[in-house]
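Novice: give me the fold of what follows.
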Amino acid sequence: MNDNVVWRAIRQGTKSRPVEHGHGGARQRKNRFAFTDKELAEAMRLAQQQRDAADLQAWEPAT
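Specialist: Predicted coordinates:
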């Protein structure tokens, strides 16, 4: 999942669908999360950390 999908999901709310799935997301303006830029940056940082952790887990040999 790339940063643009994460950013779009955070800004538009839970009911919007990523464009990669073939459906244009409904524009959830009323129900979108009211994140400040600081909170959005923190959410993006956490999402990047989760992707990094998942990548490390995928590359570790099974023991």
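
Novice: shaky segments in the chain?
Specialist: Filtered on pLDDT under 70, the chain yields the residue ranges 1-34, 61-63.

Novice: ok, longest helix in it?
Specialist: helix 37-59 (DSSP state H).

Novice: what helices or strands is it leaning on?
Specialist: In this structure, helix 37-59 makes packing contacts with helix 3-12, judged by 3 or more CB pairs under 8 Å, 6 or more residues apart in numbering; DSSP states H and E. To be clear about C-beta, it is placed using only N, CA and C from the backbone, and glycine gets the same treatment.

Novice: pull the number of nearby residues for Q48.
Specialist: 12 (other CB atoms under 10 Å).

Novice: OK, contacts around D37?
Specialist: When contacts are counted by CB atoms under 8 Å, 6 or more residues apart in numbering, D37 touches no other residue.

Novice: on that earlier part again, buried residues in the longest helix of the chain?
Specialist: When neighbours are counted by 16 or more other CB atoms under 10 Å, the buried residues of helix 37-59 are found to be 43, 47.

Novice: okay, it in PDB with CA atoms only?
Specialist: What follows is the C-alpha trace of helix 37-59 in PDB, where atoms were taken according to Å, rounded to 0.1, in the frame of the first residue of the first chain:
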ATOM      1  CA  ASP A  37      -1.600  18.400   9.500                       C
ATOM      2  CA  LYS A  38       0.300  17.300  12.600                       C
ATOM      3  CA  GLU A  39      -2.000  14.400  13.300                       C
ATOM      4  CA  LEU A  40      -1.900  13.400   9.600                       C
ATOM      5  CA  ALA A  41       1.900  13.400   9.600                       C
ATOM      6  CA  GLU A  42       1.900  11.200  12.700                       C
ATOM      7  CA  ALA A  43      -0.600   8.800  11.100                       C
ATOM      8  CA  MET A  44       1.600   8.700   8.000                       C
ATOM      9  CA  ARG A  45       4.700   8.000  10.100                       C
ATOM     10  CA  LEU A  46       2.900   5.100  11.900                       C
ATOM     11  CA  ALA A  47       1.700   3.700   8.700                       C
ATOM     12  CA  GLN A  48       5.300   3.700   7.300                       C
ATOM     13  CA  GLN A  49       6.500   2.000  10.500                       C
ATOM     14  CA  GLN A  50       3.900  -0.700  10.100                       C
ATOM     15  CA  ARG A  51       4.900  -1.300   6.500                       C
ATOM     16  CA  ASP A  52       8.600  -1.400   7.400                       C
ATOM     17  CA  ALA A  53       7.800  -4.000  10.200                       C
ATOM     18  CA  ALA A  54       5.800  -6.100   7.800                       C
ATOM     19  CA  ASP A  55       8.600  -6.000   5.200                       C
ATOM     20  CA  LEU A  56      11.100  -7.100   7.800                       C
ATOM     21  CA  GLN A  57       8.800  -9.900   9.000                       C
ATOM     22  CA  ALA A  58       8.300 -11.100   5.400                       C
ATOM     23  CA  TRP A  59      12.100 -11.200   4.700                       C
END
